[in-house]
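[1] here's my sequence, what's the structure:
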Amino acid sequence: MKIMLSSRRHHYVARVSIFLITVALIAGMVGCEPTPTPQYDLTIASTTGGSVITPGEGTFTYDEGTAVNLVATPDAGYEFVNWTGDVGTIAAVNNATTTITMNGDYTITANFAPYMVAAGSWHTVGLKSDGTAVAVGNNTYEQCDVGGWTDIIQVAADGWHTVGLKDDGTVVAVGDNAYGECAVGGWTGIVQVAAGWGVHTVGLEDDGTVVAVGWNDDGQCDVDNWTGIDQVAAGFRFTVGLKDDGTVVVVGKNDYGQCDVGNWTDIIRVAAGGGHTVGLKDDGTVVAVGWNDDGQCNVGGWTDIIQVSAGGYHTVGLKSDGTVVAVGWNDDGQCDVGGWTGIVQVAAGGWHTVGLKADGTVVAVGLNDDGQCNVSGWMLIV
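    Numbering: from 1, shown residues only. Take a look at the predicted model:
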């Protein structure tokens, strides 16, 4: 009898032990399950003039810590300005191609601005939001005769001619045509235009190649082999191209070193002046090479810049807060932009500077002998 009781007790104890071990194992397994990674929403939008193609626009969900690629693309006639909103973890807020690290729920906007003002040597051109154009200043070669233009999405101006890009990718031009700089009637598929100082015109095609017409004694029109170009600029007898990898190419006159851009990287915008070349970097700083007798290349201390423009002997920078800075020749007051606010685009002419305000009005300072600064009555956003 004692043996049977002992045996039953033994089996009971064994069963209890197995049960407790099983419970412990299950508890251990449950305790070892990984904690779910937090997820956050990224909401993306854009202003008129472009779109966010990567990852798109709308709301997307990502695991915490994910670095999300952002790619914003401007429409023809517009340029990318910056990212706004919850931008604390965006790597470069002034760069159209960048990343955002998901450490919370974020809402961001890609901002674009139109090219609505252009400054030549002695005249100023404005693009109205209805696709028409206006111009004031020297009209010796009828470079201001843009009254009949329609469906224009970008304007460019130089010393003696004015160029307009139409919404169908064709181009029109008025003014001096002594070197064929206005011979753009056959161009198609153009997404951006640039006018050199009186002697040539450049067009960026939608496949990243470039065309040019006009005076070519210094090789400023030798752009036939360029590929992968995102933006073009035209100076005095030289042409600048920004490549899609952030490097820069230049052809033409190089007597002041304005073509010495071979070591430039991370560039998102270029400008060409009388004898100098300016590059805006993706971190909002600026570089410049070329003629610097008037200090037009002294841009090393600039920060938070979102657009640059190069005049005959001065350089202008638009800051992210809508204010403007300028260096270089100032005998005509073309650098007196310290009090400007609410600016969304700048243009540097030969001896004057023009600024487009967010409300569509225009301001100008500098040489006004030909009335090139008489823009106070303009309302470009209609």
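[2] in this protein, where is pLDDT below threshold?
    Low-confidence segments of the chain, defined by pLDDT under 70: 1-33, 76-77.
[3] quick one: the helices in it?
    Assigned helices in the chain, in chain order: 2-32 (criterion: DSSP state H).
[4] quick check: domain ranges of it?
    Following the assignment in automatic domain parsing, the chain carries domains at 1-33, 39-112, 115-366.
[5] any idea which of these is most buried?
    With neighbours taken as mean count of other C-beta atoms under 10 Å, these reach their highest mean count in domain 115-366, at a mean of 21. Quick note: C-beta positions are derived from backbone N, CA and C, even for glycine.
[6] what's the span of that one, first residue to last?
    Domain 115-366 stretches 21 Å from its first residue to its last (C-alpha to C-alpha, to the nearest Å).
[7] repeat for stretch 156-168
    Looking at stretch 156-168, the gap from its leading to its trailing residue is 17 Å under the measure C-alpha to C-alpha.
[8] what's the closest non-adjacent residue to Asp282?
    Using C-beta to C-beta, 6 or more residues apart in numbering and skipping the chain neighbours, the partner closest in space to Asp282 is Asn95 (3.8 Å).
[9] for the one you found, what are its contacts?
    Neighbour list for Asn95: 268, 282-283 [criterion: C-beta atoms under 8 Å, 6 or more residues apart in numbering].
[10] how about Thr61?
    39-42.
[11] same thing but 10 Å
    With contact set as C-beta atoms under 10 Å, 6 or more residues apart in numbering, Thr61 has these partners: 39-42, 102, 105.
[12] same deal with Trp83?
    44, 46, 52, 70, 72, 90, 92-96, 98, 100, 108-111.
[13] quick one: end-to-end distance for stretch 200-212.
    With C-alpha to C-alpha applied, stretch 200-212 spans 7 Å between its terminal residues.
[14] with only the CA atoms kept, save stretch 231-239 in CSV.
    Extracted C-alpha coordinates of stretch 231-239, given in CSV (Å, rounded to 0.1, in the frame of the first residue of the first chain):
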residue,chain,number,x,y,z
GLN,A,231,20.2,73.8,-66.2
VAL,A,232,22.1,76.2,-68.5
ALA,A,233,23.4,79.7,-68.0
ALA,A,234,24.9,82.1,-70.5
GLY,A,235,27.5,84.8,-69.8
PHE,A,236,29.6,87.1,-71.9
ARG,A,237,31.0,84.7,-74.5
PHE,A,238,30.7,81.6,-72.4
THR,A,239,28.1,79.0,-71.5
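[15] quick revisit: as CSV, the domains of the chain with distance to Val375 would be great.
    Shown next, in CSV, are the domains of the chain (distance: least, C-beta to C-beta, whole Å):
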stretch, distance to Val375
domain 1-33, 68
domain 39-112, 19
domain 115-366, 4
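[16] which one is the residue sitting nearest the centre point of the chain nearest to, not counting chain neighbours?
    With distances taken as C-alpha atoms, centre = their mean, the chain has Phe80 as the residue nearest its mean C-alpha position (3.9 Å). Closest residue to Phe80 apart from its sequence neighbours, by C-beta to C-beta, 6+ apart: Ala96 at 4.1 Å.
[17] for the nearest residue to Ala183 once chain neighbours are set aside, what are its contacts?
    The spatially closest residue to Ala183, leaving aside those adjacent along the chain, is Val213, at 5.0 Å (C-beta to C-beta, 6+ apart). Listed by C-beta under 10 Å, 6+ apart, the contact partners of Val213 are 171, 173, 177, 179-184, 186-187, 200-203, 221.
[18] just these: which are in strands?
    171, 173, 200-203 (DSSP state E).
[19] same list, those, but as TSV with distance to Asp145 please.
    Putting the ones in strands among the contacts of Val213 into TSV (distance: C-beta to C-beta, whole Å) gives the following:
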residue	distance to Asp145
Val171	16
Ala173	11
His200	20
Thr201	16
Val202	22
Gly203	21
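[20] can you pick out the most distant pair from the residues you listed?
    Val171 and His200 (13.3 Å; C-beta to C-beta).
[21] excluding its backbone neighbours, what's nearest Gly311?
    In space, Gly311 comes closest to Ala348 once its chain neighbours are excluded; the distance is 3.2 Å by C-beta to C-beta, 6+ apart.
[22] wait, doesn't the one you found sit right on Leu367?
    No - counting by C-beta atoms under 10 Å, Ala348 does not reach Leu367; the two are 12.0 Å apart.
[23] quick one: the strands in the stretch 201-350 of the chain?
    Counting by DSSP state E, counting those that start in this stretch, the stretch 201-350 of the chain forms strands over residues 210-214, 229-234, 238-243, 248-252, 267-272, 276-281, 286-290, 305-310, 314-319, 324-328, 343-348, given from the N-terminal end onward.
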